[in-house]
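*Asks:* sequence unknown, structure follows:
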């Protein structure tokens, strides 16, 4: 992949971008379009180059020129979160009332339950996803409080579950919320 980094690509709408780096292990790559693009997932992009037979270096030559960078160009509908947008106090109060996380919590959801049931018939352990990345050490977070938004039930992190960033949460009196219910990890 290294021989293609820095090469220019062209879309069917004649927009020009440059390959920045590889992405993952399946042959994907990142492309930067300085003037923006309207290309969508699944649209064709073209790598056009020339190689000359008698070239001793066997180098790929391109005639494409990158356009100048255009400030403020953005592709709409990509589902990216807005970063750095300031909220006023009314927005924070509305979000807290609606059960949305504030800066003192992390949001997640119940992925599944362990099969061990309490005497009251409720599962005592839930598997939660969304709190941590695979790189984080969940063992350092053992004992932190988790609250189910829908039922207000509280539990404590018991440890990691697998290697994908999921964690086990133990609820002393069991949990009645269904799979997919939203939960908050209390950070403060």
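*Replies:* Thanks, I have it. Being a predicted model, the structure only gives us computed values, none of them experimental.
*Asks:* for the protein, which segments count as strands?
*Replies:* 8-11, 16-23, 28-32, 45-46, 105-113, 125-129, 145-148, 154-161, 166-170, 182-186 (DSSP state E).
*Asks:* go through those and name the closest to residue 68.
*Replies:* strand 16-23 (11.0 Å; CB to CB). Where you see a C-beta, it was placed from the backbone N, CA and C, and this is true even at glycine.
*Asks:* what pairs with the closest one, parallel or antiparallel?
*Replies:* strand 8-11 (antiparallel), strand 28-32 (antiparallel) (DSSP bridges).
*Asks:* what are the contacting residues of that strand?
*Replies:* Defining contact as CB atoms under 8 Å, 6 or more residues apart in numbering, one finds that strand 16-23 is touched by 1, 4-11, 28-35, 37, 45, 64-67.
*Asks:* mark which of these are buried, thanks.
*Replies:* 7-11, 31, 33, 37, 64 (16 or more other CB atoms under 10 Å).
*Asks:* now, which of those residues sits nearest residue 174?
*Replies:* residue 31 (50.0 Å).
*Asks:* what's that closest one in contact with, if anything?
*Replies:* 9, 17-20, 45.
*Asks:* can you add distance to residue 113 and pLDDT and give those back as JSON lines?
*Replies:* What follows is the contacts of residue 31, written out as JSON lines (distance: CB to CB, whole Å; pLDDT from 0 to 100):
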{"residue": "9", "distance to residue 113": "47", "pLDDT": "90"}
{"residue": "17", "distance to residue 113": "46", "pLDDT": "90"}
{"residue": "18", "distance to residue 113": "48", "pLDDT": "90"}
{"residue": "19", "distance to residue 113": "45", "pLDDT": "88"}
{"residue": "20", "distance to residue 113": "43", "pLDDT": "87"}
{"residue": "45", "distance to residue 113": "44", "pLDDT": "88"}
